[in-house]
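> I would like the atomic coordinates for the input below:
(2 chains)
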Amino acid sequence: MRDEIRSIADEMERRGYVADRAIATAVHLARALGKPLLVEGEAGVGKTEIAKVLAEILGAELIRLQCYEGLDVHTALYEWNYQRQLLRIRVEESGGTSPEELEATIFARDYLLERPLLRAITRPSPPVLLIDEIDRADEEFEAFLLELLSDFQISIPELGTIEATTRPHVVLTSNSTRELSDALRRRCLYLWIDHPSFEKELRILRARRGRLPTGVAEEIVRFVQRLREGRLYKTPGVAETLDWAEALDSLGVQSLDEDVVRATLGCLLKDRHDIAALVANGLGDILEGAPAASSDPS
Amino acid sequence: MERPVEWTARLGRALREEGVPCSVLESLTACEALEQLDASDGLDVYFGLEAAFTSSPDHKAAYERCFWALWGGSQPGEPASADGRASERGERGAAGGGAAGTTVLERLHRAGAAEDGRARHSTDVEEASYSPDERLSHRSFERMDERDLRRVDRIFDRILLRLATRKSRRYRPHRRKGRLDLRRSFRDAVVHDGELLRLARRRRRLERPRVVLLCDVSGSMERYSRFLLRFLLAAGRDRDVESFVFSTRLTRLTPWLSASHVDHALDSLGTRVHDWSGGTRIGECLDEFVREHGRSLLGQRTVMVILSDGLDRGDVKLLERAMRAMHRKARKVIWLNPLLSSSQYEPAARGMRAALPHIDIFAPGHNLESLLELERHLTLA
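Prediction:
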């Protein structure tokens, strides 16, 4: 393994993020080639976390743009501070400033409100730009983003073109609620994160919930892994495992039994039907090693 | 290893042959990536080029095959045993279809349970507006006689259903109505020396769905397809409706159907479409649709409606792949299967089973009532 990749994996693990080779390699390449990294995977497998940990490792600022439907340029990029401009106009009214001077004054950088994307390319040192849940934004925004990611410059009609002072490290995440355009995929390095294996999940649990007794940690992971084998409406991710572990830890649980599991199942399963089906089919079986029974309606 | 550039080019070519969409651009990225990797370490190169070449979890299996075939000629059984990825991948491969199946079955099931009440209510409302007689609205199209058919046609003609629209989250300026648009108000005021002369307003934009219809016209399906076409054309003369029919081949109907009267159009169709009422090759036809028309017709504005019994004599793998692509790209996929009207029906046909995980709404569409209900689903919501 190349040294840089190993060191990234180590650095990430030191900060509580257990990265397998695929993740470490992708992060290394994204940084080395200066390409955006598109991360996809089920909810709760640690997509967003990659950007946070990367920012910590690089000692860089993390700038986050949370996407939603209807997100537009004025929320993502820049906005003029109209109130301040008006105020300035009022003040200048008595002063006898020429219209040209006034215009130059109120359309200057001082009156520009920076939104995440503009901020990300005008920092003195490269930040980590996290564009979270890009699949929630609509196609128009995606097209705009594509332009920004290829040119790293922004044109503001009143002000002219703003060139990037630095190129941010870009991480995009998607829950695949909608197909992203091929053009965007092309532009990015791609990383798919699966639910972790038993060993990996145990390592994550040890890294993040170190206080937990080893026996309980293993029981927790084994239980969650078996749940994932079953057919659930909403499969628990690592985030749920960590929540559950924390709950069990705070209850001082030394070993899993049916009562404890039933009482805390809400940390793990977030769907009424899943919980009902699981309890009906007997939690004991899963604790003893059978894969979770199907909650398939048929 | 031979020269890296040639090697990556060969990998790119092999991937393309496997149906992974990668161009020269991906190969270039892969070459750049190689310089940042330990080229003697198979796993380094494996994961690095995976990030460069693939762009969807669907590509994983093909990539793994192609990579190891080119790397050493032999495929290591556990390429990533160090961190257990190989076993993860195996599990995913095996469980993938099943897991996806659950979610759709679940959606189907729950949609059915939750909407039973609502559906009944909404048909009540619709019936109140045109009130066809009860008997006609529940009779299967298959059992209708000539007189019934003429009456159904009249009903179709009478109901001028408006295309259900959904308000977009995006706004557009409006002169009088809508919410205040402070941004624009202030901006306009700047021109007038800071006087707020007029308040600008904005409203949410309307989004109209595009309905794409794929009708099976083989054997017993022909009758239902005729009705569905009739219905959709009557329901939206000026809607954005694209229609295709298929059995062994896919035929685009839209050019023949526009402007002319439905009956007239359908009659002339009988002579145009050679395979009207032959055997079925759903997979090939859907695949052709995705390849030939997917780029222009599939998108977040598109509601796909497929009418077929799912009795396929063609390639089920192809069907599955086409459905997956369709489901990922379209807003919604509706499959109408008249067999579903029988209470004993189980989607046992191989084709139908392969398609199920990629369907949002599974409904019968066999009589007037169920078509009217379909109208509710032709939205983007």
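
> Show residues contacting the helix or strand A:Asp243 falls within.
For A:Asp243, the element it lies in under DSSP states H and E is helix A:238-250. For helix A:238-250, the surrounding residues in contact (CB atoms under 8 Å, 6 or more residues apart in numbering or on different chains) are A:43-46, A:195-196, A:201, A:204-205, A:208-209, A:211-212, A:216-217, A:220-221, A:224, A:236, A:256, A:260, A:264, A:267-270. To be clear about C-beta, it is placed using only N, CA and C from the backbone, and glycine gets the same treatment.

> which residues of chain A fall in strands?
With DSSP state E as the criterion, chain A has strands at A:37-41, A:62-66, A:78-80, A:112-114, A:128-132, A:153-156, A:160-163, A:169-174, A:189-193.

> Please look at B:Thr251 and B:Ser243 and confirm they touch.
No. The pair B:Thr251 and B:Ser243 does not pass the contact test of CB atoms under 8 Å, sitting 9.6 Å apart.

> List the contacts of B:Arg147.
If you count contacts by CB under 8 Å, 6+ apart, then B:Arg147 has nothing around it.

> actually A:Arg88, not the one I typed
A:102, A:105-106, A:111.

> out of those residues, which are buried?
A:102, A:106, A:111 (16 or more other CB atoms under 10 Å in any protein chain shown).

> Give me the neighbour count for A:Arg201.
Let me fix one detail, which is that residue A:201 is Glu and not Arg. 23 (other CB atoms under 10 Å in any protein chain shown).

> neighbours of the closest residue to it other than its chain neighbours, just the number please.
Leaving aside its sequence neighbours, A:Glu201 sits nearest to A:Val221 (CB to CB, 6 or more residues apart in numbering or on different chains; 4.8 Å). A:Val221 is flanked by 23 other residues according to other CB under 10 Å.

> Which of the contacts of helix A:238-250 fall within helices?
A:201, A:204-205, A:208, A:216-217, A:220-221, A:224, A:260, A:264 (DSSP state H).

> was I right about B:Cys31 contacting B:Arg3?
No. Using CB under 8 Å, B:Cys31 makes no contact with B:Arg3, being 10.2 Å away.

> Widest-spaced pair of the ones in helices among the contacts of helix A:238-250?
Largest separation among the ones in helices among the contacts of helix A:238-250 by CB to CB: A:Ile204 and A:Val260, giving 21.4 Å.

> okay, those two: which has more neighbours?
For the pair A:Ile204 and A:Val260, the greater number of neighbours falls to A:Ile204 (21 against 17), based on other CB under 10 Å.

> which ones are touching the nearest residue to that one once chain neighbours are set aside?
Closest residue to A:Ile204 apart from its sequence neighbours, by CB to CB, 6+ apart: A:Val18 at 4.6 Å. Each residue near A:Val18 by CB under 8 Å, 6+ apart is listed here: A:12, A:196, A:200, A:203-204, A:207.

> okay, now A:Ser155: neighbour count?
10.

> Please identify which residue in chain A comes closest to chain B.
A:Gly70 (2.9 Å; CB to the nearest CB).

> Not counting its own residues, what contacts stretch A:42-51?
The contact list for stretch A:42-51 (CB under 8 Å, 6+ apart) reads A:17, A:23, A:27, A:37, A:39-41, A:62, A:64, A:128, A:130, A:132, A:171, A:173, A:175, A:193-196, A:235-240.

> Quick one: mean pLDDT for that stretch?
Throughout stretch A:42-51, pLDDT has a mean value of 91.

> how long is that stretch from one end to the other?
Using CA to CA, to the nearest Å, the end-to-end distance of stretch A:42-51 comes out at 16 Å.

> Can you point out the buried residues in that stretch?
A:42, A:44-51.

> count of neighbours near B:Asp309?
B:Asp309: 23 neighbours (other CB under 10 Å).

> That one touches B:Leu340, doesn't it?
No. Using CB under 8 Å, B:Asp309 makes no contact with B:Leu340, being 9.3 Å away.

> ok, which residues in the stretch 151-298 of chain A are in contact with chain B?
A:176, A:178-179, A:182, A:185-186, A:188-192, A:194-200, A:229, A:231-233, A:235, A:273, A:294-298 (CB under 8 Å from any CB of the partner chain).

> returning to that earlier point: residues contacting the residue nearest to A:Glu201?
Residues in contact with A:Val221 (CB under 8 Å, 6+ apart) are A:198, A:201-202, A:205, A:241.

> and which of these is nearest to B:Phe231?
Using CB to CB, these come closest to B:Phe231 at A:Thr241, 49.6 Å.

> Tell me what B:Leu214 is bridged to.
B:Phe244, B:Ile306 (DSSP bridges).

> Please look at it and B:Glu242 and confirm they touch.
No. Between B:Leu214 and B:Glu242 no contact is recorded; they are 9.4 Å apart, counting by CB under 8 Å.

> So for those two, which sits in the more crowded spot?
B:Leu214 (23 against 18).

> how close does that one sit to chain A?
19 Å (CB to the nearest CB, to the nearest Å).

> swap in B:Gly365?
The value you get for B:Gly365 to chain A, if CB to the nearest CB is used, is 22 Å.

> Could you pull up phi and psi at the closest residue to that residue other than its chain neighbours?
Nearest in space to B:Gly365, with sequence neighbours left out and distances taken as CB to CB, 6+ apart, is B:Leu336 at 3.2 Å. Here is the backbone geometry of B:Leu336 (degrees, to the nearest 10): phi -100, psi 120.

> B:Leu336 against B:Asn367, yeah?
No. With contact defined as CB under 8 Å, B:Leu336 does not count as touching B:Asn367 (11.3 Å).

> Those two - which one has more neighbours?
Between B:Leu336 and B:Asn367, B:Leu336 has the larger neighbour count (other CB under 10 Å), namely 26 against 23.

> nearest residue to residue 36 other than its sequence neighbours?
Looking at chain A here, since you left the chain open. A:Val170 (3.8 Å).

> not what I meant, chain B
A:Ala32 (4.2 Å).
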